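Student: predicted model and sequence below, questions to follow.
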Amino acid sequence: MSSHRSATGGHSDDITCDIAVIGSGMGGGTLAWALRDSGADVLVVERGDHLPREEQNWSAEEVFAKGRYKNAEPWIDESTGAEFLPGVHYYVGGNTKVYGACLPRFREEDFAALEHAEGTSPAWPVTYAEMEPHYLAAERLLAVHGSPGGDPTEPWRSGDYPYPALEHEPAMADLAARLGAQGLNPFLMPTGVDLRDGGSCLRCRTCDGFPCKVGAKSDAETRAVRPAVDAGVRLMTRTRIRRLETSGDGRRVVAAVAEVDGRIVRIRAGRFVLAAGAVNTAALLLASGHGERGLANSSDLVGRRYMVHNSTLFVAVDPRRRNDVMFQKTLGINDWYLAGSGTDRPLGNLQMLGKLRAPMIKAARRWVPTPALRYLTDHSVDIYLTTEDLPDPENRMVLRADGRIGVRWRANNLAPHGELVKRVSAAMRAAGYPLVFSERMNIATNSHQCGTAVMGTDPATSVVDPTCRAHDLDNLWITDSSVFPSSAALNPALTIAANALRVASLGALTA
């Protein structure tokens with residue numbers, strides 16, 4: 001490092017590299033892994049630190065009731081002015097450190113224009129056929145366990161999953177049989193855990209929502225960042241990028257201005273990649289540049305078209321039957337994902353959650369006695385329902401005058417989501433669960449955020465081109481879910497990884 005005086009008169013350091021990747025989650029981590037043998041000097045910059053492996057990783061009380069690993073600052077709900085804690089985590093590996101490791105591909109139809117009850121989900125400038133080999137590569141990187149053939153909506157694939165699917169435990173096998181008897185098609189969900197022969201996965205109850213103490217979950221740190229660092233990629237932690245500086249003509253980013261332990265550091269690179277998550281990537285662009293619109297924003301779409309899915313927590317209870325399942329998250333249903341004989345409009349996806357326990361609910365239901373919550377969760381099956389939301393330019397994140405993040409979000413396409421909840425309620429009652437409870441997730445449930453720097457061919461209506469390079473800049477790319485033109489109705493993690501591998505394969509970053 002060479003020392004110099006910063007423009008503000010304080011002392012700062014210069015760090016140089018060929019490619020600076022800002023963010024180490026699924027988009028940034030996977031890209032760094034893909035570039036590890038390119039010969040380029042790649043630097044990954046992460047705002048947080050390594051999440052420690054410790055006994056508390058698997059404590060429901062610590063993780064959920066006490067929020068031990070929640071380290072994001074509050075954001076502002078612009079409609080009410082109230083603060084909320086967002087569902088983001090600043091660690092090496094990003095949100096994947098606590099995700100449920102469900103790794104589905106988007107459907108082939110998701111990449112084309114798709115009609116919904118409240119409008120059209122737009123086509124991507126990239127087809128499923130173009131993405132497919134990168135999906136296959138991402139599944140191999142993330143050691144996905146899956147079995148083709150059970151999901152009626154699954155897209156074609158050029159190769160098998162690297163590992164066979166996780167089989168149902170008895171309680172889930174019984175539920176699958178009861179749902180199948182109703183004419184539904186429950187399938188084994190694709191999952192990223194190390195359950196191969198000799199693998200480290202213990203098939204425990206502490207996967208969905210928990211960090212993995214034994215490193216068996218296919219998070220971005222374990223599967224991508226650490227192998228990339230072992231191969232020579234550099235990693236800076238506890239480094240928050242405050243803004244990007246550009247050349248005099250505004251066509252190139254010349255430095256990322258970072259704050260490290262109270263001092264200013266300038267990271268200089270030939271090429272920059274943003275992968276800080278849809279909200280933070282957009283916030284960084286809005287904080288940069290010289291005009292009111294920020295950087296890479298001639299379209300005025302940076303921060304707009306914010307999507308987070310319509311999601312509902314659904315709990316079905318049979319008071320007569322105890323659910324002793326350990327790894328519950330093996331079953332999915334997509335019978336209503338697309339329009340068909342049973343519905344004239346897409347409704348969405350059903351996937352199991354990790355097994356709920358009383359401390360995981362107590363923070364949101366403090367008025368319910370803990371013994372009652374314990375009885376409820378001991379006799380429940382726990383489900384997550386997701387319906388696609390549509391890109392609305394007025395749903396957006398904003399950078400407030402004080403530098404804090406604000407979110408303007410109004411849910412849309414809710415009628416299909418209500419119909420999905422209704423159909424699942426009927427199916428679960430018919431399967432022998434007389435009590436059903438559901439709660440739609442609110443503005444704070446945003447782990448599936450996307451769309452704030454949309455990909456497209458026209459600079460007037462998009463932020464990045466189909467290679468994910470910013471239209472307005474010659475050396476800036478985005479590889480997180482910011483670029484998604486639509487949200488589909490599935491976990492976006494595998495699609496983020498596949499797209500990052502696609503961007504790396506195009507060669508522009510290393511040319």
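Tutor: It's in. The model shown is predicted, which means the values in this text are computed figures rather than measured ones.
Student: end-to-end on stretch 333-347?
Tutor: End-to-end span of stretch 333-347 (CA to CA, to the nearest Å): 11 Å.
Student: for the stretch 101-250 of the chain, what spans make up the strands?
Tutor: Under the criterion DSSP state E, counting those that start in this stretch, the stretch 101-250 of the chain contains strands at 114-116, 119-121, 144-145, 187-188, 191-192, 234-236, 239-246.
Student: out of those, nearest to Ala372?
Tutor: Counting by CB to CB, Ala372 lies closest to strand 191-192 out of those; the figure is 31.4 Å. For the C-beta atoms, the positions are set from N, CA and C on the backbone; glycine is no exception.
Student: and that closest one, how far from the chain's centre?
Tutor: A distance of 14 Å separates the centroid of the chain from that of strand 191-192, by CA atoms, centre = their mean, to the nearest Å.
Student: give me the mean pLDDT for whichever helix or strand comes after that strand.
Tutor: Using DSSP states H and E, the helix or strand that follows strand 191-192 towards the C-terminus is helix 220. For helix 220, the mean per-residue pLDDT is 98.
Student: ok, stretch 408-416 next?
Tutor: 97.
Student: over to stretch 146-157?
Tutor: 95.
Student: what's the answer for stretch 376-396, then?
Tutor: Stretch 376-396 carries an average pLDDT of 97.
Student: before we move on, what about stretch 34-51?
Tutor: Mean per-residue pLDDT for stretch 34-51: 98.
Student: okay, now Pro369: neighbour count?
Tutor: For Pro369, the count of nearby residues is 11 (other CB atoms under 10 Å).
Student: contacting residues around the closest residue to Glu388 other than its chain neighbours?
Tutor: Counting by CB to CB, 6 or more residues apart in numbering, Ala489 is the residue found nearest to Glu388 once chain neighbours are left out, at 4.3 Å. For Ala489, the contact set (CB atoms under 8 Å, 6 or more residues apart in numbering) comprises 309, 337, 346, 348-349, 386-388.
Student: which one of the residues you listed is nearest Ala282?
Tutor: Using CB to CB, His309 is the member of the contacts of Ala489 that lies nearest Ala282, at 17.7 Å.
Student: in the stretch 251-400 of the chain, which spans are helices?
Tutor: Along the stretch 251-400 of the chain, the segments classed as helices by DSSP state H, counting those that start in this stretch run 278-287, 358-362, 370-378.
Student: Arg53 reaches Ala216, doesn't it?
Tutor: No. Using CB atoms under 8 Å, Arg53 makes no contact with Ala216, being 11.2 Å away.
Student: and those two? Which one has more around it.
Tutor: Ala216 (21 against 12).
Student: so which of the contacts of Ala489 are in strands?
Tutor: 349, 386-387 (DSSP state E).
Student: mind putting those into CSV with neighbour count and distance to His134?
Tutor: CSV is the format used below for the ones in strands among the contacts of Ala489 (neighbours: other CB atoms under 10 Å; distance: CB to CB, whole Å):
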residue, neighbour count, distance to His134
Asn349, 28, 22
Thr386, 24, 23
Thr387, 28, 26
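Student: could I get the residues you listed as CSV with distance to Ile496?
Tutor: CSV is the format used below for the ones in strands among the contacts of Ala489 (distance: CB to CB, whole Å):
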residue, distance to Ile496
Asn349, 17
Thr386, 16
Thr387, 20
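Student: doesn't Trp477 belong to a helix?
Tutor: No. Under DSSP: H, G, I helix; E, B strand; the rest coil, Trp477 falls outside any helix and is assigned strand.
Student: return the distance of it relative to Ala460.
Tutor: From Trp477 across to Ala460, the span is 20 Å (CB to CB, to the nearest Å).
Student: of these two, who's got more company?
Tutor: Counted by other CB under 10 Å, Trp477 and Ala460 do not tie: Trp477 has more neighbours, with 26 against 10.
Student: I'd guessed the more buried one sits against His471; true?
Tutor: No. Checked against CB under 8 Å, the pair Trp477 and His471 is beyond contact range at 11.5 Å.
Student: related to what we said a few turns ago, out of the helices of the stretch 251-400 of the chain, deepest packed?
Tutor: Of all those, helix 278-287 has the most neighbours on average by mean count of other CB atoms under 10 Å, namely a mean of 26.
Student: what mean pLDDT does that helix have?
Tutor: Helix 278-287 comes out at a mean pLDDT of 98.
Student: quick one: contacts of that helix?
Tutor: For helix 278-287, the surrounding residues in contact (CB under 8 Å, 6+ apart) are 22-23, 75, 86, 88, 241-244, 274-276, 293-297, 302-303, 306, 397-399, 403, 405, 407, 446, 449-453, 478, 480-482.
Student: among these, which ones are in strands?
Tutor: Checking the contacts of helix 278-287 against DSSP E, those in strands are 22, 75, 241-244, 274, 397-399, 405, 407, 478.
Student: out of the residues you listed, who's nearest Leu331?
Tutor: Val407 (32.3 Å).
Student: burial of the closest one, as a residue count?
Tutor: With other CB under 10 Å as criterion, Val407 counts 23.
Student: give the contact list for it.
Tutor: For Val407, the contact set (CB under 8 Å, 6+ apart) comprises 75-78, 279, 306, 396-398, 443, 446.
Student: distance of it relative to Ala275?
Tutor: 20 Å.
Student: what's near enough to touch Thr120?
Tutor: 113-114, 390.
Student: show the buried residues in the residues you listed.
Tutor: Among these, the ones that count as buried by 16 or more other CB atoms under 10 Å are 114, 390.
Student: still on that earlier bit, would you reformat the ones in strands among the contacts of helix 278-287 as a markdown table and include distance to Ala101?
Tutor: Below are those laid out as a markdown table (distance: CB to CB, whole Å):
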| residue | distance to Ala101 |
| --- | --- |
| Ile22 | 24 |
| Trp75 | 26 |
| Ile241 | 28 |
| Arg242 | 32 |
| Arg243 | 34 |
| Leu244 | 33 |
| Leu274 | 25 |
| Met397 | 27 |
| Val398 | 32 |
| Leu399 | 32 |
| Ile405 | 27 |
| Val407 | 26 |
| Ile478 | 24 |
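Student: hmm, which of those are the buried ones?
Tutor: Looks like the ones in strands among the contacts of helix 278-287 have 22, 75, 241, 243-244, 274, 397-399, 405, 407, 478 buried, using 16+ other CB under 10 Å.
Student: which one among those gets closest to Trp124?
Tutor: Ranked by distance to Trp124 (CB to CB), those are led by Ile478 at 14.5 Å.
Student: for the closest one, what are its contacts?
Tutor: Going by CB under 8 Å, 6+ apart, the list of residues near Ile478 reads 273-275, 281, 453, 463-464, 468, 470.
Student: adding distance to Pro152, write the residues you listed out as a markdown table.
Tutor: Putting those into a markdown table (distance: CB to CB, whole Å) gives the following:
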| residue | distance to Pro152 |
| --- | --- |
| Val273 | 37 |
| Leu274 | 37 |
| Ala275 | 33 |
| Thr281 | 35 |
| Ala453 | 33 |
| Val463 | 35 |
| Val464 | 33 |
| Cys468 | 31 |
| Ala470 | 39 |
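Student: Glu54 and Lys213 touch, don't they?
Tutor: Yes. Counting by CB under 8 Å, Glu54 touches Lys213, with 7.2 Å between them.
Student: with neighbour numbers in mind, choose between these two.
Tutor: Ranked by neighbour count (other CB under 10 Å), Glu54 and Lys213 place Lys213 first, with 17 against 12.
Student: now the element after the lengthiest helix in the chain, going C-ward?
Tutor: As assigned by DSSP state H, the longest helix anywhere in the chain is helix 414-430. Downstream of helix 414-430, the next assigned helix or strand under DSSP H and E is strand 435-440.
Student: show me what that next one is packed up against.
Tutor: Counting contacts by 3 or more CB pairs under 8 Å, 6 or more residues apart in numbering; DSSP states H and E, strand 435-440 packs against strand 310-317, helix 414-430.
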